[in-house]
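J.: Next one to model:
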Amino acid sequence: MTTLVSIHSFRGGTGKSNTAANLAAQIALTGARVAVIDTDIQSPGIHVLFGFDEEGLGTTLNDYLHGTATIAEAAHDVTDRLAPADVPEGAALYLVPSNIKASEIARILREGYDVGRLNDGFRELSSALDLDFLIVDTHPGLNEETLLSITVSDVLILLMRPDKQDFQGTAVTVDVARRLDVPQLLLLVNKVPSSVDRETLGRDVAAAYDSEVGGVLPLSEAVVENSSGSLFSLTSPDEDWSITLAALASRIAGRS
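T.: Numbers count the residues shown, from 1 in each chain. I've put the predicted structure just below:
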């Protein structure tokens, strides 16, 4: 049985893709078979964290949605990206990227795609790769695609910053998630300034939304300087940001 984990935020700029990529890697390091899929088709970018550029993407999620490839053919084995960490026997990590080419993004915006086929793809990928976890990097905001991801999620992680606009948008998303009966909802606060007490903020956020907080991530200059050049939690495991994310990964992995 595959656990589907959606990483979502109401607004852009929360660090969603960076978090999704690192969380997928950390869950894989628990010995799990994991895939991360970029469903932010209008503005894809998670592939950069795994060392892919526009020309090196090969088959993508777009090809599957257009009916020219299977979803498994769009899955790239990126288990070797787990280095320099020690990779447990049986662990695996896959990436299903979206196409970054301007012409393909324009086509998706112009023609759309069958959201039901995307849902089918989740099931097909889980079966074909014998996945323990499927991590879905969603498009910010609420649209048909993100509502689908939320509906079929076993775990929904809502990423937010300590910002008034994020607070209001997250409140809307929490309400939607509850109406859709998501089995587990976790809030993850990111980019918290050093002047803010993270433990107190976590308690305040939990109380404000009557929801569980999965972690409070600091605003890290080291993460910013990394510039999506690598999976930060692997190259800098002793940073607070990495430690907090690894703890969340261990918690989620304990579900299976």
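J.: quick one: the strands in the protein?
T.: Under the criterion DSSP state E, strands of the chain are mapped to 3-8, 33-38, 76-77, 92-96, 133-137, 155-160, 184-192, 212-218.
J.: quick one: which of those is nearest V224?
T.: strand 184-192 (9.3 Å; Cβ to Cβ). All C-beta spots, glycine's among them, are computed from the backbone N, C-alpha and C.
J.: Give the pairing partners of that closest one; include direction for each.
T.: Here strand 184-192 has these sheet partners by DSSP bridges: strand 155-160 (parallel), strand 212-218 (parallel).
J.: would you list those in CSV and tack on distance to G90, mean pLDDT and mean neighbour count?
T.: Shown next, in CSV, are the strands paired with strand 184-192 (distance: least, Cβ to Cβ, whole Å; pLDDT from 0 to 100; neighbours: other Cβ atoms under 10 Å):
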stretch, distance to G90, mean pLDDT, mean neighbour count
strand 155-160, 22, 96, 25
strand 212-218, 25, 96, 20
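J.: hmm, who's touching the helix or strand of the chain with the lowest mean pLDDT?
T.: Lowest on mean pLDDT, DSSP states H and E among the helices and strands of the chain sits helix 144-152, with a mean of 85. Surrounding helix 144-152, the residues in contact under the criterion Cβ atoms under 8 Å, 6 or more residues apart in numbering are 4, 6, 8, 39, 41, 115, 118-119, 122, 136, 138-140, 156, 176-177, 180, 182.
J.: coming back round to it: dump the strands paired with strand 184-192 to TSV, plus distance to A35.
T.: Below are the strands paired with strand 184-192 laid out as TSV (distance: least, Cβ to Cβ, whole Å):
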stretch	distance to A35
strand 155-160	15
strand 212-218	21
